[in-house]
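**Q** For reference, the sequence and a predicted model appear below.
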Amino acid sequence: MLVTPILHIQDLTKTYQSTGHTLTVLDNINFSVEEKATISIVGPSGSGKTTLLGLCAGLDRSSSGLVELNGIRLDTLSEDARAQVRNQYVGFIFQNFQLLPTLTALENVMVPLELRGEKNIKPQALELLDKVGLTDRAHHYPSQLSGGEQQRVSLARAFSNKPKILFADEPTGNLDAETSEKIVKLIFDLNREAGTTLVLVTHDAELASKTQRILRVKGGKLVSDELTGV
Amino acid sequence: MYKLNFPWLVQMAWRDSRRNRSRLFLFISSIILGIAALVAIFSFGYNLRADIDNQAKELIGADLVISSNRPVDPKMLPLLDSLGNRRSRERSFASMILFPKSQGTRLVQIRALEGQFPYYGALETVPASAAQSFRNGQQALVDKTLMLQFNAQIGDSIKVGEVTFQIAGILNKAPGQTGISATVAPAVYIPLRFLPQTGLEQKGSRINYLFYYKYDTPTNIKQLVDKLEPRLEKEALNTETIETQREDMGRSFKDLTSFLALVGFIALLLGSIGVASAIHVYIREKLRSIAILRCLGVSATQAFLIYVIQILGIGLLGSILGAALGTLVQQLLPQVLQDMLPIKITVAISWLAILQGIGLGLMISLLFSLLPLVSIRNVSPLNTLRLSLESTGMFRDPLKWLVYGLILLFIFGFTYLQTEKLREAAYFTLGVLAGFLVLTGMAWGLMWTVRRFFPESWSYLWRQGLANLFRPNNQTLILIVSIGLGTAFISTLYFVQTILLNQVTLSARENQPNMVLFDIQQGQREAVAALTKQQGLPVLQEVPIVTMRMEEINGLTADQVEEDSTAGVSPRAFQREIRSTFRSTLTNAERVVEGTWHGKVLSPEDTVYVSLDQNYAERIRVEVGDKIVFNVQGALIPTVVGSLREVDWNRIQTNFRVIFPIGVLEAAPQFHVLMTKVPTAETSARFQQAVVRQFPNISIIDLELILSVMDELLDKIGFVIRFMAGFSIITGLVVLISSVLISKYQRRQESVLLRTLGANRKQIFLITALEYFFLGGLAAGTGIVLSLIGSWALAKYSFETTFTPELWPVLLLFLLISSLTVFIGLFNSRAVVNRSPLEVLRSEG
């Protein structure tokens, strides 16, 4: 039986115009990710991996090529339509957490659900905070939380809208080793539990090795695509 | 299609503002004062309007007033005596009076009254009974300012012409009289029946004849006036009713309140610029939050609306506070303006004014925030991954141009609603735009120049101070525009006031006459001149004056012109009495601009060529070569317009609209004017007493007195304007403070870094001081230059006088504004300087 890919990338190219000449950041990338798979995109700084993540998640529009997420072509959609897709199917985890500083932990988790117009979401959000071990910190503001705590809130938020695919950009990049370990465990546990596809950008080889598949990007090109055997 | 989910947007706006409310309030605080100024003026205007409506009766004192500035034709008397149920008559004119006890003399307005006027309101006197009792004997009511000036008591006497009256009471208030009018020409009421004995009623005297009517039964006065008017107008009789009084006063005070509202509006505009810049910085700081929201699926419109709701909320709060403050300030306005108003001003809360103020506040905070807010639409969710440096410039976003257009339309619309004149509204809008553009240009020019010619060899502190002017997130543009506009406004007000005062005092300089004697009868001429010389005073000018009317212009009479509006002649030409003179030469205040000057008529058969003031000729639509027949007190004199003159009316000397050549009017009934210069107040008093005693009919204008009254008047008007302009000045300061505070939030990081790297407090202070000195200095300098140009243009084209600004006040203003900028800059940066870097870094969290 043929499995439909949740993410399908074909001939993806991204260029920027800079002081008269064209800068190619991504050059003709092709790959697909199956549902519930875990993959990591690795590469040195400036290789284009974050740009690739942004394009896959519909945060930006490609210069040419096709991006299909859950069967929806993102490259032809308007920004607002892509926002709706993100709200429906996508979860995010960022290196620097990206919590809204004026919202409490609980409110940060609730935002994606509120956006959908869902009712009685507080219990759901509290349950998620409980899962990441932050029940007692629900009414704290991000500035009152430690880095690890902030990332856990961010995790709870990422799973709050029950996404089909989770994009994580260097999720442990700003954390110490011990906290990183806990966060990584949480990501993979929650991911497994929710049956979510995970796309991870990192240059941490150990973290990458925890995913089923590793895509290597260098100089804007996909240089290897290997299975880890996980 | 995306659902907006409005309740959620409101909730998000509320949540998002949580940790910024005090800052948001700081942004909006700059419009509070503007709103307050406008609400105060609007409330004052509405209350004044209501007061005028309520007090119009007391202002005019009767149901109908008919007046004329020349004796009424006896054939009209039966008609005039048939009107109303109760009637009063008054003759009013300027004359000298003498206080025998103190030997003081003064030009006053004599009001010779017969009947029970006023029928509404009252002559307010001390004792109250005097208002009635003076009518029964040879008694007078004397204005309180006169009583004070000459230290007179009730029971003392005054001499009016040949008759001595006993002072029955002190006049505190009469219908229609203002504090100012009482200072210029204080009133003295006497019974009309004594007027002939005073000997002041002579041919050529300028007397106003007034007839007051009261109707006991309800009568349609308007209908009556409409019916009577054609007949009355033919006899040059004017009518006034409670209704026309209401309209006239309403109109003139609308002008006053409109003017003040525009002054207040400038404060609001200034504040709005502050709002725009503050919101700009605020949104810039919110970029990350907006990007996160976009990442989570918020649409561009939703993100935009979250901040629009925030601004509207805080704008509403600011406007309500402004309206409350304005309602309080309104209590002060009557005290400031009471002297200029003939009515009692009541102070009441005007809900309409409050609503208008709040509406205006909301509109202006939204309009001016839209400029930075529209860029929210372009914030990419990609900013969560890396902060994008791509920004949509002002010129690339067409919506920004739309907002600019809306702002201009709003300014124009508001001004038009105030002035109801398209042209003035357009000039005001263009003026604001020009000021804004010049200052923006200056700011850009400064940034470009500093960057282009950056003094690499200067010490680090100077370079850092200078570099702050053009680096990212700089406050150069907003500070230069707001401080510059504020300075320009303040100094223009100052200059205009000095122009007005100079204009008056210039005329009073050396060798210019400072005393005018008029109403000198033909037979008194030589004796008065002799008396003047005998007192050791020069006769600087002696001019005969002949009163006349126009009978025909190019063969057309007043009636024919009235019937045929296409005749090309203004009906106004016939209505006014003309005071003309005759002489053979021009004075140095006049210049022939068209036609030829004819100074002499040699034989009675010759054509009489008259010369007209150019502007007057234009108004009555008469040109060189036109034929005019003058009625000189019964004798018809045909003339031809020989020349038109440009006249400098600002000189203290007699100027005339119509001048006859010599050889025509010598035998006509005439009176004379004599001008002299008195060196001291004592000489002036002595001379006035001598003239009044010998020639009681002659009136004397002491220009020193007029000057001091003018001074006082301008001072009062100046105070009102300064009071309103004060709102702009304080708003400018609030904008300055909030701009500096906003930049503080941005600068904190860098200052902390500098301190971490080892910069000491003094160095950071110096860098900040230098930066604000450059900003304050340039802004104040540009503002002053702008106002110099504006004031020069006003002086040249509007006041038609020369403009020589004083250097010291300008320099003082410059220093004051620049040092204030530096002070506020330093004061608000002290938090960064005084706290330890670690403390600041932690609190940044």
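**A** Structure's in. What do you need?

**Q** which stretches of chain A form helices?
**A** A:49-56, A:79-89, A:105-115, A:122-131, A:147-160, A:177-194, A:205-208 (DSSP state H).

**Q** what's the closest of those to B:Phe412?
**A** helix A:79-89 (34.9 Å; CB to CB). In short, each C-beta sits where N, CA and C put it, glycine included.

**Q** The closest one near chain B anywhere?
**A** Yes. Helix A:79-89 comes into contact with chain B (CB under 8 Å from any CB of the partner chain), by way of A:79-80, A:83-84, A:86-88.

**Q** Let's have those residues in TSV, adding neighbour count.
**A** Formatted as TSV, the residues of helix A:79-89 next to chain B follow (neighbours: other CB atoms under 10 Å in any protein chain shown):
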residue	neighbour count
A:Glu79	17
A:Asp80	17
A:Ala83	27
A:Gln84	21
A:Arg86	27
A:Asn87	21
A:Gln88	18
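
**Q** Switch those residues over to TSV; also include pLDDT.
**A** Shown next, in TSV, are the residues of helix A:79-89 next to chain B (pLDDT from 0 to 100):
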residue	pLDDT
A:Glu79	84
A:Asp80	85
A:Ala83	88
A:Gln84	88
A:Arg86	90
A:Asn87	89
A:Gln88	90
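
**Q** List just the nearest of these to chain B.
**A** Nearest to chain B among the residues of helix A:79-89 next to chain B, counting by CB to the nearest CB, is A:Asn87 at 2.4 Å.

**Q** In a markdown table, list the residues of helix A:79-89 next to chain B along with distance to B:Val481.
**A** As requested, the residues of helix A:79-89 next to chain B are exported to a markdown table (distance: CB to CB, whole Å):
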| residue | distance to B:Val481 |
| --- | --- |
| A:Glu79 | 33 |
| A:Asp80 | 35 |
| A:Ala83 | 36 |
| A:Gln84 | 41 |
| A:Arg86 | 40 |
| A:Asn87 | 41 |
| A:Gln88 | 46 |
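
**Q** Report the two of these separated the most.
**A** Applying CB to CB across the residues of helix A:79-89 next to chain B, the maximum distance is between A:Glu79 and A:Gln88, 15.1 Å.

**Q** If the residue positioned nearest the centre of chain A is in a bridge, with which residues?
**A** Residue closest to the mean C-alpha point of chain A, counted by CA atoms, centre = their mean, is A:Phe167 at 1.2 Å. Beta-bridge pairing for A:Phe167 (DSSP bridges): A:Phe92, A:Val199.

**Q** In contact with residue 58, which residues?
**A** Reading this off chain A. A:67, A:69, A:74, A:77, A:82, A:85-86, A:90 (CB atoms under 8 Å, 6 or more residues apart in numbering or on different chains).

**Q** other chain: chain B
**A** B:118, B:120-121, B:175, B:343.

**Q** now the strands: where do they sit in the stretch 151-300 of chain B?
**A** Ranges of strands within the stretch 151-300 of chain B are B:157-160, B:163-173, B:187-191, B:208-214, B:238-241, based on DSSP state E, counting those that start in this stretch.

**Q** Tell me the strands beside the fourth one, with direction?
**A** In other words, strand B:208-214. Here, using DSSP bridges, strand B:208-214 pairs with strand B:64-68 (antiparallel), strand B:86-99 (antiparallel).

**Q** any residues touching it, and which ones?
**A** Contacts for strand B:208-214 (CB under 8 Å, 6+ apart): B:61-72, B:80, B:83-93, B:115, B:117-119.

**Q** again with the first one
**A** Outside strand B:157-160, the residues within contact range by CB under 8 Å, 6+ apart are B:95, B:97-101, B:110, B:140, B:142, B:152, B:164-167, B:188, B:190, B:198, B:200, B:692, B:696.

**Q** Show the pLDDT at the residue of chain B found nearest chain A.
**A** Chain B approaches chain A most closely through B:Gly297 (2.4 Å), counting by CB to the nearest CB. B:Gly297 is assigned a predicted lDDT (pLDDT) of 89.

**Q** give the contact list for B:Val629.
**A** B:550-553, B:636-639.

**Q** From those residues, list the buried ones, please.
**A** For the contacts of B:Val629, a burial check counting by 16 or more other CB atoms under 10 Å in any protein chain shown picks out B:550-553, B:637, B:639.

**Q** Of those, which pair is most distant in space?
**A** B:Ile553 and B:Ile637 (13.5 Å).

**Q** For B:Ser350, which of the helices of chain A is the nearest?
**A** helix A:105-115 (42.7 Å).

**Q** Quick one: work out the angle between the closest one and helix A:147-160.
**A** Following axes from the mean of the first three to the mean of the last three CA atoms, to 10 degrees, one obtains 20 degrees for the angle between helix A:105-115 and helix A:147-160.

**Q** which outside residues touch helix A:105-115?
**A** A:87, A:99-100, A:103, A:121-122, A:124-126, A:128-129, A:134, A:137-142, A:145, A:149, A:153-154, A:156-157, A:160-161, B:5, B:8, B:11-12, B:15, B:293, B:296-298.

**Q** same check, this time on stretch B:338-352
**A** Under CB under 8 Å, 6+ apart, the answer for stretch B:338-352 is B:42-44, B:46-48, B:50-52, B:55, B:58-59, B:176-181, B:249, B:253, B:327, B:330-331, B:333-334, B:337, B:716-717.

**Q** Could I get the buried residue list for that stretch?
**A** Neighbour-count burial for stretch B:338-352 [16+ other CB under 10 Å]: B:340-343, B:345, B:350.

**Q** Next: stretch B:437-450.
**A** B:438-439, B:442-443, B:446-447, B:450.

**Q** Next, count neighbours for residue 186.
**A** Using chain A here. Neighbour count of A:Leu186, defined by other CB atoms under 10 Å in any protein chain shown: 20.

**Q** Chain B is the one I meant
**A** 22.

**Q** Excluding residues flanking it in the chain, which one is nearest it?
**A** B:Asp143 (3.6 Å; CB to CB, 6 or more residues apart in numbering or on different chains).
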